[in-house]
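whatever this is, show me its structure:
(one chain, ligands or ions: 2)
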Amino acid sequence: MTTTPLRRERTPRVLITGGAGFLGSHLCERYLAAGWEVIGLDNFHTGSKDNVRSLLSHPRFELVRHDIVEPYLAEVDLILNFACPASPVHYQHNPIKTMKTSVLGTMNLLGLAKRTGARLLQASTSEVYGDPEQHPQTEAYWGRVNPIGIRSCYDEGKRAAETLCFDYHRSHQVDLRLIRIFNTYGPRMAADDGRVVSNFIVQALRGNDLTIYGQGQQTRSFCFVDDLIEGIIQFAAKSGDEVGPLNLGNDTEFTVLELANEVLRQIGGKSKIVYRPLPSDDPRCRRPDLTKAKALLDWTPRVQLADGLAKTIAYFRSVTPAKV
Ligand code: NAD
Ligand code: UDP
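Ligands and ions are numbered 1, 2, ... in the order given. Reported below is the predicted structural model:
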């Protein structure tokens, strides 16, 4: 009698941690559309059931309330580890928990990957580059991160998670893909998320002033969510030896002041720009070198900031007035 392993007979199954969050919910949607069974796992710290409400009745979707700091067991073929608050406001709210999520949570999922043989794709971040001396940032750059500052729980947590990923890969042959995501925005960011794009849009829609921290001369490179998700899906499916790290984002750079002006141009109204103190360790510039991703994948970011902002503004206009 032949005993074909069960996993080869059934529909492939992906575990998406942080599945009710901004990026996680888009990933749940895309993997369902591609025919996968999807387990969306979330502790609902910054995510919301609303983000996946349209998926709840889907026969191949399961939403699980769970905290990745505790082990989770399931037979899966792919793990996308996106569980972690990403906004400075939220990750600094309980910094010790943020560190636990990155370190203990990632270790638990690497253990699951080791046991099941599943591939694990880790959502790391451009924050591992800190306030960079190299611009734009290539994957070879080791970064300049304050280990004891207010951003460290996130930056160092993500750096430790990267270390764990590579040690499980070297020591236990865990099948790894590691991406470093640069500032991504789009529909399903939470209105109270605290990151700059959602803050400015919500402030302008409410007729409030736009709060620029510092003089607004710091730069970021903003990627629309659809471009990022396409890159993630391609890398998660990619065969071969390249495990990353792989920068994903958009390589067009803007100052925060330019972003504010574009939001005001599109929304209009009576909002003005006001200036607030710059938080400590706020990186002065950020732009990905995407050479590696463009060579490895059939991918390049396509959505211009003005177009992505228009779609994001339409989303925030459509959500209930109670939220915006
Ligand atoms: P988000 O806050 O919308 O999503 C994070 C999700 O993880 C939320 O649903 C939250 O409830 C959940 N979560 C947090 N801690 C958890 C825990 N201990 N157990 C289970 N679930 C938990 O943010 P996002 O922008 O969607 O970010 C998702 C991932 O991508 C994060 O790991 C983040 O670090 C990474 N990332 C995002 C960006 C970006 O620009 N959006 C940039 C770099 C990295
Ligand atoms: N920022 C701002 N006003 C806001 C929120 C953020 O000027 O209301 C600035 C913030 O200081 C930073 C940039 O915008 O320089 C991007 O901030 P965000 O929190 O979105 O991402 P990160 O700093 O993690 O890249």
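
the stretch 101-250 of the chain: helices as residue ranges?
106-116, 152-172, 196-205, 225-237 (DSSP state H, counting those that start in this stretch).

so which of those comes closest to ligand 1?
helix 152-172 (6.5 Å; Cβ to the nearest ligand atom). No exception for glycine: its C-beta is placed from N, CA and C like everyone else's.

how many other residues sit next to the nearest residue to Cys285 once chain neighbours are set aside?
Leaving out its chain neighbours, the residue that sits closest to Cys285 by Cβ to Cβ, 6 or more residues apart in numbering is Thr219, at 4.6 Å. The number of residues packed near Thr219 is 18, by other Cβ atoms under 10 Å.

pLDDT below threshold where in the chain?
1-8, 320-324 (pLDDT under 70).

what residues does it put near ligand 1?
17-18, 20-24, 42-47, 67-69, 82-86, 101, 105, 123, 125, 181, 183-184 (Cβ under 6 Å from any ligand atom).

wouldn't Met107 be in contact with Asp167 here?
No - look at Met107 against Asp167 with Cβ atoms under 8 Å: they stay out of range, at 9.9 Å.

who has more neighbours out of these two?
Met107 (19 against 13).

residue boundaries of the strands in this structure?
13-17, 37-42, 61-65, 78-81, 119-125, 176-181, 184-185, 210-213, 219-220, 223-224, 246-248, 254-255, 273-276 (DSSP state E).

run a quick neighbour tally on Ile232.
Neighbour tally, Ile232, other Cβ under 10 Å: 25.

who's in contact with it?
Leu27, Leu80, Leu121, Ile179, Leu248 (Cβ atoms under 8 Å, 6 or more residues apart in numbering).

how about the closest residue to the third one other than its chain neighbours, what does it touch?
The shortest distance from Leu121 to any residue other than its chain neighbours is 4.2 Å, reached at Arg177 (Cβ to Cβ, 6+ apart). Residues in contact with Arg177, defined by Cβ under 8 Å, 6+ apart, are Arg119, Leu120, Leu121, Gln122, Phe235, Ala236, Lys238, Val243, Gly244, Leu246.

what do you get for Thr211?
Per Cβ under 8 Å, 6+ apart, neighbours of Thr211: Asn199, Gln203, Val274, Tyr275, Arg276.

what is the closest residue to Ala293 other than its chain neighbours paired to in the beta sheet?
Leaving aside its sequence neighbours, Ala293 sits nearest to Leu246 (Cβ to Cβ, 6+ apart; 5.4 Å). Beta-bridge partners of Leu246, counted by DSSP bridges, are Ile179.

does Arg119 touch Asn81 like I think?
No - judged on Cβ under 8 Å, Arg119 makes no contact with Asn81 at a distance of 11.1 Å.

residues of stretch 84-101 that come out buried?
84-88, 90-92, 97-101 (16 or more other Cβ atoms under 10 Å).

within reach of ligand 2, which of those residues are there?
Ser87, Pro88.

TSV for the buried residues of stretch 84-101, including distance to Tyr213?
Shown next, in TSV, are the buried residues of stretch 84-101 (distance: Cβ to Cβ, whole Å):
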residue	distance to Tyr213
Cys84	22
Pro85	19
Ala86	17
Ser87	13
Pro88	10
His90	16
Tyr91	16
Gln92	14
Lys97	24
Thr98	20
Met99	24
Lys100	27
Thr101	25
